[in-house]
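> Got a sequence here, can you model it:
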Amino acid sequence: MTGHFDDSGFVPLNIAVLTVSDTRTEENDKSGAILKAGAETAGHRVVEKAIVKDDIYDMRAIFSRWIADPGVHVIISTGGTGITGRDSTPEAVAPLIEKPIEGFGELFRTLSLEEIGPSAIQSRAIAGLTNQTLIFCLPGSTGACRTGWEKILDSQLDHRTRPCNFAQMFRA
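Below you'll find the predicted structure:
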């Protein structure tokens, strides 16, 4: 681990972005683009970006590959967290998580409540830690991705954020 509250400047993390969708392409993937742009604007490296169909096993294959890659510090996914149709991101990811971060989903829904009202209850946003890889699963809407990035992840993936943050577990 790096020193607690090391003020040596910003430490970029390696981030992989996954869009879960049966219909999105690179040309129309606005949510994945928001996450990629947010990470890059903050100074992080987006080491891979992919789109996968909402299929549990296809998702697990990509998540597992990135979890096993020591060059990926953080995985952020968008899509498949609702309660309808083929939404199955939580079911795909939960068995892969060693340490759940329950507060992420709770905080995300609280922030969403302010923006979209009681519909926020339908979000099954989850997060966790596995093999020293942080995983954050956000809903597929552009608004949800902006909320997740701007109000939670941007600061929590910056080791200078006090009193604590997720980025401190990675070496500079």
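> got the CA coordinates for the lowest-mean-pLDDT helix or strand in the chain in CSV?
Least confident helix or strand of the chain, by mean pLDDT, DSSP states H and E, is helix 102-116 with a mean of 94. Taking C-alpha atoms only, helix 102-116 is exported to CSV below (Å, rounded to 0.1, in the frame of the first residue of the first chain):
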residue,chain,number,x,y,z
GLU,A,102,-22.4,-2.4,0.2
GLY,A,103,-22.2,1.3,0.8
PHE,A,104,-21.6,2.0,-2.9
GLY,A,105,-25.1,0.8,-4.0
GLU,A,106,-26.7,2.5,-1.0
LEU,A,107,-24.9,5.8,-1.7
PHE,A,108,-25.7,5.6,-5.4
ARG,A,109,-29.4,5.1,-4.8
THR,A,110,-29.4,7.9,-2.3
LEU,A,111,-27.9,10.3,-4.8
SER,A,112,-30.2,9.0,-7.5
LEU,A,113,-33.2,9.6,-5.3
GLU,A,114,-32.4,13.3,-5.4
GLU,A,115,-32.3,13.2,-9.2
ILE,A,116,-35.0,10.7,-10.3
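> residues in contact with that helix?
Contact with helix 102-116 is made by 119-121, 123-127, 136, 138, 143-144, 147-148, 151-152, as judged by C-beta atoms under 8 Å, 6 or more residues apart in numbering. C-beta coordinates here come from the backbone N, C-alpha and C atoms, glycine included.
> Let's see which of these end up in helices.
Among those, the ones falling in helices (DSSP state H) are Gly143, Ala144, Thr147, Gly148.
> what two of those residues are the furthest from one another?
The span of those, defined through C-beta to C-beta, is set by Gly143 and Gly148 at 9.6 Å.
> Comparing those two, which residue is more hemmed in?
Neighbour count, other C-beta atoms under 10 Å: between Gly143 and Gly148, Gly148 has more, with 29 against 13.
> and the gap between the more buried one and Pro70?
Distance of Gly148 to Pro70, computed by C-beta to C-beta, to the nearest Å: 25 Å.
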